[in-house]
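1. Return atomic coordinates for the entry below.
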Amino acid sequence: MIYAEDVTPNTDAIIRLFAETFAASEGAAEGGLIGDLVTNLLKDRPTDGSQVFTATDDGTLVAAVLFSPMPYSDDPRRVVLLSPMAVTTDRHGEGIGQALITHALTTLRDQGAEVAITYGSPDFYGKTGFLPLTEDTAPAPQPLSFPHGWIGQSLTDAPLTPLKGTPRCVAALNDPQFW
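-> Residues are numbered from 1 along each chain as shown. Sure, this is the predicted structure:
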């Protein structure tokens with residue numbers, strides 16, 4: 001298995017991975033929605049600072065995760081948002097997703113990221129160090145429909161203290177339907 005930051009991603013394969021994985025688990029409409037989200041994230045990536053990490057096995061894409069900048073207006077810390085994440089359906093349960101996230105977080109930490117946040121399953125993401133957040137600690141860029149899925153972690157040796165100011169996510173994620 002090769003875990004890497006994919007600086008020249010195969011956008012078609014990544015979009016297909018997300019669309020098929022989310023369609024299999026959440027239905028065709030969700031697969032289409034997430035496929036469109038990933039299309040937009042990848043399209044904007046060269047100018048918004050987003051990063052793509054992939055896991056490949058014998059040259060086949062089996063997982064991908066996207067991170068994008070999410071600065072807070074009054075806070076100097078570099079904050080990244082993990083969204084979305086997918087592992088091909090036939091490889092679920094093998095630890096590929098957690099290994100990919102761990103690789104990505106290490107790379108991002110080495111590049112100067114100080115805080116990572118995501119909005120998803122605390123059970124899954126908790127295995128890679130994400131802990132529940134309150135809006136007092138990290139305001140969300142949109143109202144949350146699933147508040148206990150707002151989770152994050154410090155990527156430094158210091159504990160995560162409240163982020164200051166208003167967060168701003170990339171354009172593709174700045175839509176209430178994803179929150």
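2. What sits closest to residue 108 if chain neighbours are left out?
-> Leaving out its chain neighbours, the residue that sits closest to residue 108 by CB to CB, 6 or more residues apart in numbering is residue 80, at 5.7 Å. In this view, the C-beta of every residue, glycine as well, is placed from N, C-alpha and C.
3. secondary structure class for the one you found?
-> Assigned with DSSP: H, G, I helix; E, B strand; the rest coil, residue 80 falls in the strand class.
4. Now do the contacts for it.
-> Counting by CB atoms under 8 Å, 6 or more residues apart in numbering, residue 80 touches 51, 67, 68, 69, 70, 108, 113, 115, 116, 117.
5. Can you tell me how far the residue lying farthest from the centre of the chain is from residue 20?
-> Centroid-distance maximum for the chain: residue 58 at 24.2 Å, with CA atoms, centre = their mean. Relative to residue 20, residue 58 is positioned 19 Å away (criterion: CB to CB, to the nearest Å).
6. Report the buried residues of stretch 51-71.
-> Neighbour-count burial for stretch 51-71 flags 51-56, 61-71 (criterion: 16 or more other CB atoms under 10 Å).
7. about what we covered before: could the contacts of residue 80 go into JSON lines alongside secondary structure, distance to residue 84 and pLDDT?
-> Formatted as JSON lines, the contacts of residue 80 follow (DSSP: H, G, I helix; E, B strand; the rest coil; distance: CB to CB, whole Å; pLDDT from 0 to 100):
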{"residue": "51", "secondary structure": "strand", "distance to residue 84": "13", "pLDDT": "96"}
{"residue": "67", "secondary structure": "strand", "distance to residue 84": "10", "pLDDT": "97"}
{"residue": "68", "secondary structure": "strand", "distance to residue 84": "10", "pLDDT": "97"}
{"residue": "69", "secondary structure": "strand", "distance to residue 84": "16", "pLDDT": "97"}
{"residue": "70", "secondary structure": "coil", "distance to residue 84": "14", "pLDDT": "98"}
{"residue": "108", "secondary structure": "helix", "distance to residue 84": "16", "pLDDT": "98"}
{"residue": "113", "secondary structure": "coil", "distance to residue 84": "18", "pLDDT": "98"}
{"residue": "115", "secondary structure": "strand", "distance to residue 84": "19", "pLDDT": "98"}
{"residue": "116", "secondary structure": "strand", "distance to residue 84": "14", "pLDDT": "98"}
{"residue": "117", "secondary structure": "strand", "distance to residue 84": "13", "pLDDT": "98"}
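8. Alright, that wraps it up for me.
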